[in-house]
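Trainee: everything below, folded, please.
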Amino acid sequence: MAGTGSDVVRVGVVGAGRIGTAHAATIARRVPGAALVAVADPRPGAAERVAAPWGARVATGPAQLFADDGVDAVVVTATTDAHADLVEAAARAGKHVFCEKPAGLTLADVDRGIAATDAAGVAFQVGFNRRFSRDVAAARAAVDEGAIGTPQLMRSLTRDPGLADPSAVPPWTIFLLTLVHDVDTLLHLNPGAEPVSVYAVADALVAPAFRDAGLLDTAVVTIRFDNGAIATAEASFSAAYGYDVRGEVFGSGGMLTFGDGATGSLRRWDARGRHADTVRSDVELFADAYAAEFAEFTAAVREGRAPCVTGRDARRALAVALACVESVRTGLPARPAGTPS
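Mentor: So this is what the prediction gives:
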């Protein structure tokens with residue numbers, strides 16, 4: 001894989017929705033060595049709105065951006081069902097690719113992206129931003145150092161602060177788009193181990209009227225690993241108190257915990273008790289992690305190496321998420337599909 005030969009990686013963003021807007025601002029403001037040069041979105045005015053504050057060019061669609069010789073790398077933040085096609089098209093155009101998770105909704109889709117980026121010799125990174133948060137990074141370092149011995153019990157949870165429009169949430173979102181983050185975190189914090197069994201239960205407790213449409217908003221997953229570790233992951237779309245992401249690794253020699261959802265260390269005590277302000281979105285909680293993952297991506301592009309989070313990592317996490325879906329459908333444990341070497 002060849003580097004860019006330049007100190008600055010010229011980045012185009014495909015998709016000007018909520019996360020695309022946030023990523024564009026992060027790249028423009030917080031990533032040394034990266035320059036936001038173009039934004040593509042076919043919706044009238046969408047690309048202009050995101051590009052204008054940063055002086056970036058506007059592309060009418062992905063094809064125009066991929067054909068732009070002034071773009072070295074693309075960040076795919078379009079709708080989830082378009083991710084696999086966009087990764088493949090970008091790679092064929094010779095662009096390095098950062099794709100928001102999931103990189104596809106099937107293992108075959110992710111495999112297409114892996115094959116296309118491998119064939120083109122371009123970097124392919126997937127947006128598992130939690131690995132880049134200070135807490136998770138420190139936890140992984142402690143695991144690697146043997147500070148807690150062998151992982152035995154693990155936990156990760158995601159609780160979103162609300163379900164704004166149930167009709168707009170695709171079926172199985174809780175596994176494929178939400179808990180896939182927790183799965184990746186658990187895989188990351190149990191290095192060298194493979195998941196061998198998954199059991200999941202889920203229901204529509206937040207919006208029961210949408211149960212028949214396939215929207216499940218509350219879920220708990222149990223994962224067994226081949227090194228004996230047992231992990232749980234849980235998610236809810238109804239945390240009244242804020243955006244809550246936490247985790248724990250209990251080992252033979254100790255325990256690690258991370259995350260509390262607070263905006264800072266300030267606590268208030270009054271007649272009603274003890275209080276802390278909490279974050280309300282992923283963009284707020286993981287602002288530094290988003291900047292760090294893009295710093296890694298641009299460094300990989302410049303240096304001509306693979307990023308530390310690849311399409312194969314995305315495939316492993318998706319295999320577990322799909323096993324969750326199978327488990328809920330059958331009511332039985334499911335074995336994740338094998339991952340490529």
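Trainee: all strands of the stretch 101-250 of the chain, in order?
Mentor: With DSSP state E, counting those that start in this stretch, the ranges of strands along the stretch 101-250 of the chain come out as 124-126, 151-159, 195-203, 218-225, 230-236, 244-251.
Trainee: hey, which of the ones you listed is tucked in deepest?
Mentor: Among those, strand 124-126 has the highest mean neighbour count (mean count of other CB atoms under 10 Å), at a mean of 29. The C-beta positions use only the backbone N, C-alpha and C, and glycine is treated the same way.
Trainee: which residues touch it?
Mentor: Defining contact as CB atoms under 8 Å, 6 or more residues apart in numbering, one finds that strand 124-126 is touched by 87, 91, 96-103, 113-114, 117-118, 293, 296-297, 300, 306-307, 309-311, 313-314.
Trainee: mean confidence for the helix or strand containing residue 317?
Mentor: For residue 317, the element it lies in under DSSP states H and E is helix 311-330. Here helix 311-330 scores 98 as its mean pLDDT.
Trainee: repeat that for stretch 86-104.
Mentor: On average, stretch 86-104 scores 98.
Trainee: related to what we said a few turns ago, need the strands of the stretch 101-250 of the chain in a markdown table (columns: distance to residue 136 and mean pLDDT).
Mentor: Converted to a markdown table, the strands of the stretch 101-250 of the chain look like this (distance: least, CB to CB, whole Å; pLDDT from 0 to 100):
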| stretch | distance to residue 136 | mean pLDDT |
| --- | --- | --- |
| strand 124-126 | 16 | 98 |
| strand 151-159 | 9 | 98 |
| strand 195-203 | 18 | 98 |
| strand 218-225 | 17 | 98 |
| strand 230-236 | 14 | 98 |
| strand 244-251 | 7 | 98 |
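Trainee: now those strands as JSON lines including distance to residue 177?
Mentor: Formatted as JSON lines, the strands of the stretch 101-250 of the chain follow (distance: least, CB to CB, whole Å):
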{"stretch": "strand 124-126", "distance to residue 177": "13"}
{"stretch": "strand 151-159", "distance to residue 177": "10"}
{"stretch": "strand 195-203", "distance to residue 177": "14"}
{"stretch": "strand 218-225", "distance to residue 177": "12"}
{"stretch": "strand 230-236", "distance to residue 177": "10"}
{"stretch": "strand 244-251", "distance to residue 177": "14"}
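Trainee: wait, which of the ones you listed is closest to residue 260?
Mentor: strand 244-251 (6.8 Å; CB to CB).
Trainee: just give the nearest non-adjacent residue to the residue most central in space within the chain, would you?
Mentor: Taking CA atoms, centre = their mean, the centroid of the chain lies closest to residue 128, which sits 3.3 Å from it. Closest residue to residue 128 apart from its sequence neighbours, by CB to CB, 6 or more residues apart in numbering: residue 184 at 4.5 Å.
Trainee: what's the answer for residue 213, then?
Mentor: residue 171 (7.2 Å).
Trainee: and the one you found, what does it touch?
Mentor: Counted by CB under 8 Å, 6+ apart, residue 171 has contacts 213, 214, 215, 216.
Trainee: other SSEs contacting the helix or strand hosting residue 302?
Mentor: Here residue 302, judged by DSSP H and E, is contained in helix 287-303. Contacts defined by 3 or more CB pairs under 8 Å, 6 or more residues apart in numbering; DSSP states H and E place helix 287-303 against strand 9-14, helix 18-30, strand 34-40, strand 73-76, strand 96-99, strand 124-126.
Trainee: recalculate using a threshold of 10 Å.
Mentor: Where contact means 3 or more CB pairs under 10 Å, 6 or more residues apart in numbering; DSSP states H and E, helix 287-303 is packed against strand 9-14, helix 18-30, strand 34-40, strand 73-76, strand 96-99, strand 124-126, helix 134-144, helix 282-285.
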